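Peer 1: sequence plus the predicted model coming up.
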Amino acid sequence: MNKPAEVSVVIAVFNQLSFTQGCVESLNRAGIAGEQIIIVNNASTDGTAKFLALRPEIRVIHNENNLGCGPAWTQGSQAAKSTWIVVMNNDVLVPPDCIEGLVHFAGDEKFDVVSPALCEGDADYDFLEYSGEFMRTMASVRRRNVAHGVCFMVHRRVFETVGHFGNLGGYEDDDFFRRARRAKFRLATTGRAFLHHFGSVTQKSIKTAQKKTQEELLGNREVYRRKTGQTWIKRKTTQIKTGVRDAWWQHSEYQRYGHTLHELRIGGTWRYK
């Protein structure tokens, strides 16, 4: 595939330097230049700032305080000048052809917000070989109307229409996807792209640093539910519909391809969602 020139990658970080290094290295190996990467450093106290100083080609925004994921994503996406903006956790590994797969799928199928398939958990498998085989096998598979906060690519027109991200204590991605759907933008997850996700390291690190108690996090959830009109009945109805839908996706994808667009690697065993 051709390298997509009109793509920027936005990554919010707080400490967790080893994950940031691994993520950046995997992007570079996949053909994404440092100039295409925007890292928003939420006042890291480890060696993150020093590492970034040694990579002057990467665009860096340093915050004096930990602003949270939503504000950091907003800073990065507003700084991007490209047509497509990929918002990504730092605790991921990106194989060759992943970003290209997102761009070509979105262009070919006319989607506006697109996420890659992912494996979560242990990276104890041949990542490059597995990801290549996965994307070849699952290239025609998509889950319509859904994206995920681990990694999602957004066309600039979506931000221009619905705005950027709030500071909702972990619900920023869900809120953004809701607003995009309401504005009639098309969302999907595609098998033409794949990445490995170690497991919510970014969000957990940022939340912990902000000293959120469980009560505060639950409070954010209740605020978000009220904001979006999620009554108990609406939530339960949505959970049932979503459960049926996800079960059908898991069953049909695995039966036909031996893969699903959401896989888990735990203790040397593959699981499918």
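Peer 2: Looks like it came in fine.
Peer 1: okay, and the beta partners of Arg271?
Peer 2: Leu264 (DSSP bridges).
Peer 1: for Trp248, see how far away it is.
Peer 2: 17 Å (Cβ to Cβ, to the nearest Å). Using the backbone N, CA and C atoms, a C-beta is placed for each residue, glycine as well.
Peer 1: same question, Gly267
Peer 2: Gly267 is 27 Å from Trp248, by Cβ to Cβ.
Peer 1: try Asn28
Peer 2: 38 Å.
Peer 1: looking at the two, which one has more neighbours?
Peer 2: Comparing Asn28 with Trp248 by other Cβ atoms under 10 Å, the one with more neighbours is Asn28, at 17 against 10.
Peer 1: count the residues that sit near the nearest residue to the more buried one once chain neighbours are set aside.
Peer 2: Of all residues not flanking Asn28 in the chain, Gly34 sits nearest, at 6.9 Å (Cβ to Cβ, 6 or more residues apart in numbering). Number of residues near Gly34 (other Cβ under 10 Å) recorded here: 14.
Peer 1: residues contacting the residue lying closest to His155 once chain neighbours are set aside?
Peer 2: Of all residues not flanking His155 in the chain, Asp112 sits nearest, at 4.9 Å (Cβ to Cβ, 6+ apart). Taking Cβ atoms under 8 Å, 6 or more residues apart in numbering as the criterion, Asp112 is in contact with Ala106, Val154, His155, Arg157, Val158, Ala180, Phe185, Arg186, Leu187.
Peer 1: out of these, which are buried?
Peer 2: Neighbour counting over the contacts of Asp112 (16 or more other Cβ atoms under 10 Å) leaves Ala106, Val154, His155, Val158, Ala180, Phe185, Arg186, Leu187 as the buried ones.
Peer 1: all strands for this structure, in order.
Peer 2: Taking DSSP state E as the criterion, the chain carries its strands at 7-13, 37-42, 59-63, 84-88, 92-93, 113-121, 142-144, 151-155, 187-197, 262-266, 269-272.
Peer 1: quick check: beta-bridge partners of the nearest residue to Ser82 once chain neighbours are set aside?
Peer 2: Nearest residue to Ser82, sequence neighbours excluded (Cβ to Cβ, 6+ apart): Ser8, at 4.3 Å. When bridges are called by DSSP bridges, Ser8 pairs up with Ile85.
Peer 1: quick one on the thing from earlier: now render the strands of the chain as a markdown table, adding mean pLDDT.
Peer 2: Formatted as a markdown table, the strands of the chain follow (pLDDT from 0 to 100):
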| stretch | mean pLDDT |
| --- | --- |
| strand 7-13 | 97 |
| strand 37-42 | 97 |
| strand 59-63 | 96 |
| strand 84-88 | 98 |
| strand 92-93 | 98 |
| strand 113-121 | 98 |
| strand 142-144 | 98 |
| strand 151-155 | 98 |
| strand 187-197 | 98 |
| strand 262-266 | 97 |
| strand 269-272 | 97 |
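Peer 1: minimum distance to Arg136: which of the ones you listed has it?
Peer 2: strand 187-197 (9.4 Å; Cβ to Cβ).
Peer 1: counting contacts, what elements does the closest one pack onto?
Peer 2: In this structure, strand 187-197 makes packing contacts with strand 92-93, helix 98-109, strand 113-121, helix 127-137, strand 142-144, helix 172-182, judged by 3 or more Cβ pairs under 8 Å, 6 or more residues apart in numbering; DSSP states H and E.
Peer 1: hang on, Ile99 packs against Ala30?
Peer 2: Yes: shown here, Ile99 and Ala30 form a contact pair, counting by Cβ atoms under 8 Å, at 6.6 Å.
Peer 1: more neighbours, these two?
Peer 2: Set side by side, Ile99 and Ala30 show more neighbours around Ile99, with 28 against 19, by other Cβ under 10 Å.
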